[in-house]
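Participant: Structure here, sequence nowhere to be found:
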């Protein structure tokens with residue numbers, strides 16, 4: 001099959017890397033891709049928001065299957081456009097993708113499905129004073145979230161009332177998140193350990209994947225502002241085999257059933273962001289696609305062929321029934337190398353050298369998140385989160401050791417990374 005992956009990040013690099021191994025994969029394309037993806041797929045210069053352009057290149061290149069990586073094209077209706085052209089496409093349609101693109105809709109689905117999540121209130125555009133009054137009434141800690149898509153940066157876990165007020169001002173007055181932050185969801189702070197769990201659905205039947213744990217804060221010890229993710233690992237001790245079954249029974253299956261009943265059947269992968277509280281798991285958020293950097297640890301652990309799994313989910317109700325997914329026992333750990341200054345202001349275009357040396361580190365691979373080649377054909381940075389350096393090992397400790405060994409052979413002086421990815425699991429061990 002000729003396959004197109006839509007996106008340009010490390011998640012899409014990991015997808016292409018996994019799909020390239022499949023005997024079902026013929027010509028592999030990625031749009032728009034990046035410098036690393038170009039080594040395993042032919043990159044096409046089409047933006048992820050260009051629905052018409054994407055349909056056009058599918059026809060021009062004889063694409064027979066499409067996988068949509070990021071949330072933006074899902075929210076714009078990319079899957080609808082591709083399917084309207086008669087091409088199977090993995091991912092939810094625009095109506096179902098709203099479970100990620102609208103925090104308010106996500107809360108409504110949880111309420112109908114009986115899935116526990118944090119108590120909250122929504123504040124529409126212009127309700128700045130009301131939002132501030134609510135925060136003063138509730139006290140801190142409290143969580144302030146942009147209602148729309150904000151590339152993983154729209155959440156503030158405010159430890160003080162003043163910090164929450166500032167977050168409201170940033171989103172609703174200064175509009176640092178653009179239209180995504182014009183309305184806000186302000187919710188209770190939940191105590192516990194965060195985890196991510198994934199399941200694939202064909203609109204009716206679903207298949208569990210595995211759990212992972214990412215690190216949102218930019219600095220070691222979970223300090224500093226939230227990011228799109230500074231690293232991840234899988235498996236996580238926070239979600240054992242029994243908990244995975246419970247999550248399918250109490251979270252994923254009720255959500256899939258409810259969305260079907262609402263006339264918005266979900267096809268694709270659903271990512272549950274969880275807080276493992278004393279009362280049990282509660283939903284922090286839902287994402288309508290693979291996580292990033294979670295994808296960079298899920299696919300290296302996947303033993304079975306990824307293409308038939310994703311294709312079955314895209315072909316309609318009942319196609320996933322009986323599909324089995326096999327996993328390696330090894331752990332995987334990913335360290336994100338970001339541009340200095342991220343998630344604040346940062347510079348693009350700095351040269352990254354020594355990437356070829358990573359192949360000398362056992363069981364290590366680099367997934368490119370935001371890279372391109374300059375006029376001299378050097379790999380240079382082209383965004384905030386730039387590389388996902390991943391390694392596998394028999395334990396999280398071993399995977400961490402190999403991942404940081406790979407980080408240390410890369411010569412990129414304008415970078416920053418956390419040095420404690422996996423610390424919770426290692427502390428337990």
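Facilitator: That came in fine, so what should we check first? What you see is a predicted model; the values in this text were computed from it and never measured. Numbers count the residues shown, from 1 in each chain.

Participant: List the buried residues for stretch 322-342?
Facilitator: Within stretch 322-342, the residues that count as buried by 16 or more other C-beta atoms under 10 Å are 323, 330, 331, 332, 333, 334, 335, 336, 337, 338, 339, 342. Every C-beta, even on glycine, is put in place using the N, C-alpha and C of the backbone.

Participant: swap in stretch 149-165?
Facilitator: Buried residues in stretch 149-165, counting neighbours by 16+ other C-beta under 10 Å, are found at 149-158, 161, 163-165.

Participant: Turn those into CSV, including pLDDT and secondary structure.
Facilitator: Conversion of those to CSV gives the following (pLDDT from 0 to 100; DSSP: H, G, I helix; E, B strand; the rest coil):
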residue, pLDDT, secondary structure
149, 81, coil
150, 76, coil
151, 70, coil
152, 66, coil
153, 72, coil
154, 82, coil
155, 85, strand
156, 86, strand
157, 87, strand
158, 88, strand
161, 93, helix
163, 90, helix
164, 91, helix
165, 94, helix
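
Participant: Quick one: find the helix or strand in the protein with the lowest mean pLDDT.
Facilitator: Using mean pLDDT, DSSP states H and E, the weakest-scoring helix or strand in the chain turns out to be strand 155-158, at a mean of 86.

Participant: The buried residues of stretch 322-342 into JSON lines, with extra columns for secondary structure and distance to residue 47?
Facilitator: Supplementary listing: the buried residues of stretch 322-342 in JSON lines, determined by DSSP: H, G, I helix; E, B strand; the rest coil; distance: C-beta to C-beta, whole Å:
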{"residue": "323", "secondary structure": "coil", "distance to residue 47": "33"}
{"residue": "330", "secondary structure": "coil", "distance to residue 47": "36"}
{"residue": "331", "secondary structure": "strand", "distance to residue 47": "36"}
{"residue": "332", "secondary structure": "strand", "distance to residue 47": "31"}
{"residue": "333", "secondary structure": "strand", "distance to residue 47": "32"}
{"residue": "334", "secondary structure": "strand", "distance to residue 47": "26"}
{"residue": "335", "secondary structure": "strand", "distance to residue 47": "29"}
{"residue": "336", "secondary structure": "strand", "distance to residue 47": "24"}
{"residue": "337", "secondary structure": "strand", "distance to residue 47": "25"}
{"residue": "338", "secondary structure": "strand", "distance to residue 47": "23"}
{"residue": "339", "secondary structure": "strand", "distance to residue 47": "21"}
{"residue": "342", "secondary structure": "coil", "distance to residue 47": "22"}
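
Participant: what's the offset of stretch 229-249 from the middle of its chain?
Facilitator: Between the mean C-alpha point of stretch 229-249 and the mean C-alpha point of its chain there is a distance of 15 Å (C-alpha atoms, centre = their mean, to the nearest Å).

Participant: any chance you could map the strands in the stretch 101-250 of the chain?
Facilitator: Under the criterion DSSP state E, counting those that start in this stretch, the stretch 101-250 of the chain carries strands at the ranges 120-123, 142-146, 155-158, 184-188, 193-202, 206-214, 217-219, 223-226, 231-234.

Participant: Tell me how confident the model is about the first one, as a mean pLDDT.
Facilitator: Going back to what we said before, that points to strand 120-123. Here strand 120-123 scores 88 as its mean pLDDT.

Participant: helix/strand/coil for the most centrally placed residue in the chain?
Facilitator: In the chain, the C-alpha nearest the mean C-alpha coordinate belongs to residue 291, at 1.9 Å (C-alpha atoms, centre = their mean). Reducing the assignment at residue 291 to three states with DSSP: H, G, I helix; E, B strand; the rest coil gives coil.

Participant: That one is in contact with residue 196, isn't it?
Facilitator: Yes - contact between residue 291 and residue 196 holds when scored by C-beta atoms under 8 Å: they sit 5.6 Å apart.

Participant: Between those two, which contacts overlap?
Facilitator: Residues touching both residue 291 and residue 196 (C-beta atoms under 8 Å, 6 or more residues apart in numbering): 212, 214, 232, 271.

Participant: And the furthest pair within those residues?
Facilitator: For the shared contacts of residue 291 and residue 196, with distances taken as C-beta to C-beta, the pair at the greatest spread is 232 and 271 (11.8 Å).

Participant: Neighbour count for the two, which is higher?
Facilitator: Neighbours of residue 232 and residue 271, each counted by other C-beta atoms under 10 Å, are more numerous for residue 232; the result is 28 against 24.

Participant: For that one, name its beta-bridge partners.
Facilitator: Here residue 232 shows beta-bridge partners residue 214, residue 334, assigned using DSSP bridges.
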